[in-house]
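Chemist: 3D, please:
(2 chains)
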2 protein chains.
Amino acid sequence: MENKSTTFLEADFAGMDQRFRASFFNSLGGFKSLTLVGTINGNQQTNLSAVSSVFHIGANPPLIGMIFRPDSVERHTLENIMETRQYTFNHVTEAFYKAAHQTSARYAREVSEFDACGFTPLFSGHIIAPYVQQSPIKIGLELVERIYLKINGTVMILGKIVETMVPEICISADGFVDLELAGTLTVSGLDSYHTTNKLLRLPYAKP
Amino acid sequence: MENKSTTFLEADFAGMDQRFRASFFNSLGGFKSLTLVGTINGNQQTNLSAVSSVFHIGANPPLIGMIFRPDSVERHTLENIMETRQYTFNHVTEAFYKAAHQTSARYAREVSEFDACGFTPLFSGHIIAPYVQQSPIKIGLELVERIYLKINGTVMILGKIVETMVPEICISADGFVDLELAGTLTVSGLDSYHTTNKLLRLPYAKP
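Modeler: Residues are numbered from 1 along each chain as shown, chains lettered A, B, ... in the order given. Sure, this is the predicted structure:
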């Protein structure tokens, strides 16, 4: 895109309005994964939270990371993960992304976002954390490590995948999972939801 | 999507073909950001590497994380970051995603992917690492912390944003950066490239 470009330097960041800054830097890194994180506590209270901070760490063993901001509404999710050491990731589609967004409201501790936002918990029998029945792609995880990032007080959770549920037609012969066929959305910034259009899969690059 | 679902449990993962497993778990976490990472070393040798492991950590200070696999082709990038403590992120559009993918080939140390893949380095004067002139959104970073993840030998790099260049028309009044308008792509798995279609931006959720 040919267009006039705006440059900001570090000295400009401090002068930004707080909400402007949060929205700007949340968008800037690129498109993000969109996941509903399902948890349960020892009193059988379930919790569900929309998260855009999930990232791939490795395939063998299969590891996924997730960032929690210190004062975020996901605090119940983090508490439940620390208590049970289990959680689920559930992809979000166009059919229910508004309900998924609604889980980010600051509900009281005793309210389950499954009930409040209209999701059906599904228990696989392999882990105790609830999946979202409506979700086409479901991932069960066990906590591996909690890393505290001193620089800004965020918490990074590393989890090991222990169960996956994926539509059979979305799994290619080479292992590729066709997220677009599954209807998985992507998110940018704090609140912008997008479907995708595949261009191509490109072959392994050689010099 | 109503469809027959395939369940894999942890015991199934070890039996997967190595390439199948890598592709499966790289796809599974959701859509990812797509970035060209620009670096330079003390001999003025530039390097450019396509990366899908960039994730937002916080806005104040603005921090971004990135994962390096132990044996990846991005080793020159990591070496240069450790040497100069600076690097750039450059968004990728449909106009040049094939050239961006080509940077993932295992070029020799003395080859710059800027030359080999047809990109123009741009030096802002504020940091020494090269930007990609073709890229609509450019981010300059300084290394803050290197974290070694014992669990699988990956390295996590935390960087502080020190410079941003964004098309003026893509910056909303509330700080949101319209990546779709900029033409930024998203990637799934190891090699699948996608444009996006915005559904909606949703308002701040309240119970």
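Chemist: Packing partners of the lowest-mean-pLDDT helix or strand in chain A?
Modeler: Ranking every helix and strand in chain A by mean pLDDT, DSSP states H and E puts helix A:75-84 at the bottom, with a mean of 94. If contacts are counted by 3 or more C-beta pairs under 8 Å, 6 or more residues apart in numbering or on different chains; DSSP states H and E, helix A:75-84 sits against strand A:35-40, strand A:46-51, strand A:62-68, strand A:86-91, strand A:138-149, strand A:154-167. Where you see a C-beta, it was placed from the backbone N, CA and C, and this is true even at glycine.
Chemist: Of these, which is nearest B:Gly153?
Modeler: strand A:62-68 (11.0 Å; C-beta to C-beta).
Chemist: any residue of that closest one up close to chain B?
Modeler: Yes - counting by C-beta under 8 Å from any C-beta of the partner chain, chain B is contacted by strand A:62-68 at A:62-65, A:67.
Chemist: Could you list the low-pLDDT ranges of chain A?
Modeler: Confidence mapping of chain A against pLDDT under 70 gives the ranges A:1-3, A:71-74.
Chemist: circling back to that earlier point, out of the residues of strand A:62-68 next to chain B, who's the most crowded?
Modeler: The most crowded member of those, judged by other C-beta atoms under 10 Å in any protein chain shown, is A:Pro62 (27 neighbours).
Chemist: correct me, but that one touches B:Phe25?
Modeler: Yes - at 4.4 Å, A:Pro62 counts as touching B:Phe25 under the criterion of C-beta atoms under 8 Å.
Chemist: hey, what's in contact with both of the two?
Modeler: Contact criterion C-beta atoms under 8 Å, 6 or more residues apart in numbering or on different chains; residues shared by A:Pro62 and B:Phe25: A:Ile161.
Chemist: Touching the least confident helix or strand of chain A from outside, list them.
Modeler: A:37, A:39-42, A:47, A:49, A:51, A:68, A:87, A:109, A:128-129, A:143, A:146, A:155, A:157.
Chemist: and stretch A:127-140, anywhere near chain B?
Modeler: Yes - using C-beta under 8 Å from any C-beta, we find that stretch A:127-140 touches chain B at A:136-137, A:139.
Chemist: correction: stretch A:184-194
Modeler: Yes - under the criterion of C-beta under 8 Å from any C-beta, chain B is reached by stretch A:184-194 at A:184-186, A:188-194.
Chemist: okay, how far is it across that stretch, tip to tip?
Modeler: Stretch A:184-194 has its terminal residues 9 Å apart, counting by C-alpha to C-alpha, to the nearest Å.
Chemist: ok now it, how far from the chain's centre?
Modeler: 11 Å (C-alpha atoms, centre = their mean, to the nearest Å).
Chemist: how about A:Arg21, what does it touch?
Modeler: Here A:Arg21 is in contact with A:13, B:59-60, B:62, B:175 (C-beta under 8 Å, 6+ apart).
Chemist: Secondary structure and distance to A:Val166 for the residues you listed - can I get that in TSV?
Modeler: Output for the contacts of A:Arg21, formatted as TSV (DSSP: H, G, I helix; E, B strand; the rest coil; distance: C-beta to C-beta, whole Å):
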residue	secondary structure	distance to A:Val166
A:Phe13	helix	41
B:Ala59	strand	33
B:Asn60	coil	37
B:Pro62	strand	35
B:Gly175	coil	36
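Chemist: I only care about those that end up buried; give me the ChimeraX line for that.
Modeler: In ChimeraX, a selection of the buried entries from the contacts of A:Arg21 looks like this (16 or more other C-beta atoms under 10 Å in any protein chain shown):
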select /A:13 /B:59,62,175
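Chemist: Let me know the closest of the contacts of A:Arg21 to A:Tyr97.
Modeler: Closest to A:Tyr97, out of all of the contacts of A:Arg21 and judged by C-beta to C-beta, is B:Gly175, at 21.7 Å.
Chemist: That closest one reaches A:Gln18, doesn't it?
Modeler: No - using C-beta under 8 Å as the test, B:Gly175 is too far from A:Gln18 to be in contact (9.6 Å).
Chemist: tell me which residues of the least confident helix or strand of chain A are tucked away?
Modeler: A:75-78, A:80-81, A:84.
Chemist: Which one of the residues you listed is nearest to B:Glu94?
Modeler: Taking the buried residues of helix A:75-84 together and measuring to B:Glu94 by C-beta to C-beta, the closest member is A:Thr77, at 35.9 Å.
Chemist: Give me the nearest residue to the closest one, chain neighbours excluded.
Modeler: Sequence neighbours aside, A:Ser49 is the residue nearest to A:Thr77 in space, at 4.4 Å (criterion: C-beta to C-beta, 6 or more residues apart in numbering or on different chains).
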